[in-house]
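Any chance you could fold what I've pasted below:
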Amino acid sequence: MDWYICEKTEDEYLNRTAGIKAREDLDVIFKQCGMKMINLVVGEDTRTDAGIIRKIKGHIATKKYWEEKLACVHEGDTIYIQFPVRNHTVFLASVLKKLVQKNIRVVLFIHDLEYMRHIKNKSIPFKKKKRMELEEVSVLKNATNIVVHNHQMKKLMHEALGIPLEKMIELDIFDYLIGKEGEKIQERGKRKPGYSCIIAGNLDKQKSAYVYELPKDIAFDLYGPNYTGQAGGNICYHGSFPPAELPYELEGNFGLVWDGISVDTCAGVYGEYLKVNNPHKTSLYLASGIPVFIWKEAALAEFVEQERVGITISSLYEIKDIFEKLTEDEYADMLQHAKLISKRLTSGFYTKQAIEKAMK
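So this is what the prediction gives:
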């Protein structure tokens with residue numbers, strides 16, 4: 001029997017409110033693959049400001065909750081878990097270790113790894129580093145298989161964490177389910193007069209500082225929450241939309257996959273993280289049938305080049321020259337390949353491919 005963990009707050013279960021797009025898509029694909037769901041309700045985490053004794057009791061209570069919910073899983077079964085878990089506890093590794101000892105296969109699907117994001121950060125407090133090791137690294141080491149974002153993440157996890165290469169499966173890119181109206185997006189073909197770049201995501205200045213230093217000679221279409229800059233001129237701010245609606249709202253010719261504090265290169269903690277992770281916005285753009293600009297050193301740059309769905313760049317200042325030299329035929333070719341990848345992303349192709357590999 002194949003099982004999957006579905007973690008939502010009680011409000012999300014009762015009112016079907018929107019959760020995290022990537023997690024929700026995996027839940028849908030797991031169900032499509034015939035897996036049985038185990039519901040874990042995500043409660044309010046009251047441990048943050050608690051004393052040490054209360055924190056330990058909280059972690060123990062969460063451990064027991066996991067054990068109760070996993071009691072239905074038996075020898076020979078496989079359980080798929082999205083990671084990091086929302087019901088987190090420093091004792092999760094011991095829970096998974098017991099499952100594996102019972103000949104139950106544990107497959108982790110990685111969304112984000114805080115430890116990997118801060119791996120080069122020498123200033124990180126010792127206490128925080130130990131917490132990340134307990135809640136992330138120890139869990140990874142006790143899984144049967146780990147579905148990682150890409151080859152670069154696989155390589156770093158092997159070299160830095162000692163995770164055996166044979167345990168890891170490369171996802172390639174996150175799927176992005178759209179729904180029954182997905183065919184409409186395939187009709188995208190007309191471009192705006194001239195070329196423009198789309199930036200979608202959290203536009204908070206601390207997270208995406210580069211957004212507030214954009215070149216003045218390129219048109220940008222911005223989508224997302226927490227934008228506090230001055231729109232107008234070359235910048236058009238469209239507001240924020242739910243993930244399921246966003247593909248139908250995007251206007252522009254290229255989606256920008258960039259992060260960090262600078263327009264010259266992807267710098268800072270978030271910029272460096274692009275070297276190993278798969279930004280979900282890449283999937284958003286391509287699922288919408290839109291080619292991308294992506295940082296040349298990003299882990300997904302190789303995928304973009306191989307699939308001919310965009311252009312790799314070192315600096316945002318390169319875009320103007322690219323726009324001036326780009327021909328209609330060249331853009332049409334990228335657009336056509338983006339549409340092909342869109343069909344894969346919107347059908348769950350890459351997730352299902354990873355599941356097939358995990359089943360072998």
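
now the residue lying closest to residue 31 once chain neighbours are set aside, what's its secondary structure?
Nearest residue to residue 31 in three dimensions, chain neighbours excluded: residue 37, at 6.7 Å (CB to CB, 6 or more residues apart in numbering). (Each C-beta comes from the backbone N, C-alpha and C, glycine too.) On the three-state scheme (DSSP: H, G, I helix; E, B strand; the rest coil), residue 37 is labelled strand.

who's in contact with residue 37?
Going by CB atoms under 8 Å, 6 or more residues apart in numbering, residue 37 touches 3, 4, 6, 27, 30, 31.

Secondary structure element holding the residue lying farthest from the centre of the chain?
Ranked by distance from the centre of the chain (CA atoms, centre = their mean), the top residue is residue 53, with 34.3 Å. Element membership for residue 53 (DSSP states H and E) is helix 52-69.

okay, that helix in CSV with CA atoms only?
Provided in CSV are the C-alpha atoms of helix 52-69 (Å, rounded to 0.1, in the frame of the first residue of the first chain):
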residue,chain,number,x,y,z
ILE,A,52,12.9,24.7,27.6
ILE,A,53,10.6,22.3,29.6
ARG,A,54,7.5,23.4,27.7
LYS,A,55,9.4,23.2,24.4
ILE,A,56,10.5,19.6,25.0
LYS,A,57,7.0,18.6,26.0
GLY,A,58,5.7,20.2,22.8
HIS,A,59,8.1,18.2,20.7
ILE,A,60,7.2,15.0,22.5
ALA,A,61,3.5,15.6,22.0
THR,A,62,4.1,16.2,18.2
LYS,A,63,6.1,13.0,18.0
LYS,A,64,3.3,11.0,19.6
TYR,A,65,0.8,12.6,17.1
TRP,A,66,3.0,11.4,14.2
GLU,A,67,3.2,7.9,15.7
GLU,A,68,-0.6,7.8,16.2
LYS,A,69,-1.3,8.9,12.6
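
And that helix, what does it pack against?
With contacts defined as 3 or more CB pairs under 8 Å, 6 or more residues apart in numbering; DSSP states H and E, the packing partners of helix 52-69 are strand 36-42, helix 92-101.

Mean neighbour count, those: which tops it?
Among the helices and strands packed on helix 52-69, the stretch with the highest mean neighbour count (mean count of other CB atoms under 10 Å) is helix 92-101, at a mean of 17.

which residues touch it?
Contacts for helix 92-101 (CB under 8 Å, 6+ apart): 63, 66-67, 70, 73, 79, 85, 106, 134-135, 138-139, 141-144.

ok now that helix, how far from the chain's centre?
Offset of helix 92-101 from its chain centre (CA atoms, centre = their mean, to the nearest Å): 25 Å.

ok so, going back, give me the mean pLDDT for the helix holding residue 53.
What helix 52-69 shows for mean pLDDT is 90.

That one: what's the following helix or strand?
That would be, after helix 52-69 and using DSSP H and E, strand 78-83.

That following strand packs against which elements?
Partner elements for strand 78-83 (3+ CB pairs under 8 Å, 6+ apart): strand 2-9, helix 21-32, strand 105-110, helix 349-359.

quick one: which of these is nearest residue 174?
Closest approach to residue 174 among these (CB to CB): helix 21-32, 5.6 Å.

got the contact list for that closest one?
4, 6-7, 18, 37, 80, 82, 109, 111, 174-177, 243-244, 280, 348, 351-352, 355.

how distant is that helix from the center of its chain?
The answer for helix 21-32 is 13 Å, by CA atoms, centre = their mean.

I'd assumed residue 83 was in contact with residue 139.
Yes - taking CB atoms under 8 Å as the definition, residue 139 is a contact partner of residue 83 at 7.0 Å.

the more surrounded of the two?
Each of residue 139 and residue 83 has its neighbours counted (other CB atoms under 10 Å); residue 139 has more, 26 against 20.

could you measure the residue nearest to the more buried one when sequence neighbours are not counted against residue 323, distance?
With CB to CB, 6+ apart as the criterion, residue 139 has its nearest non-adjacent residue at 4.8 Å, and that residue is residue 93. Per CB to CB, to the nearest Å, residue 93 is found 50 Å from residue 323.
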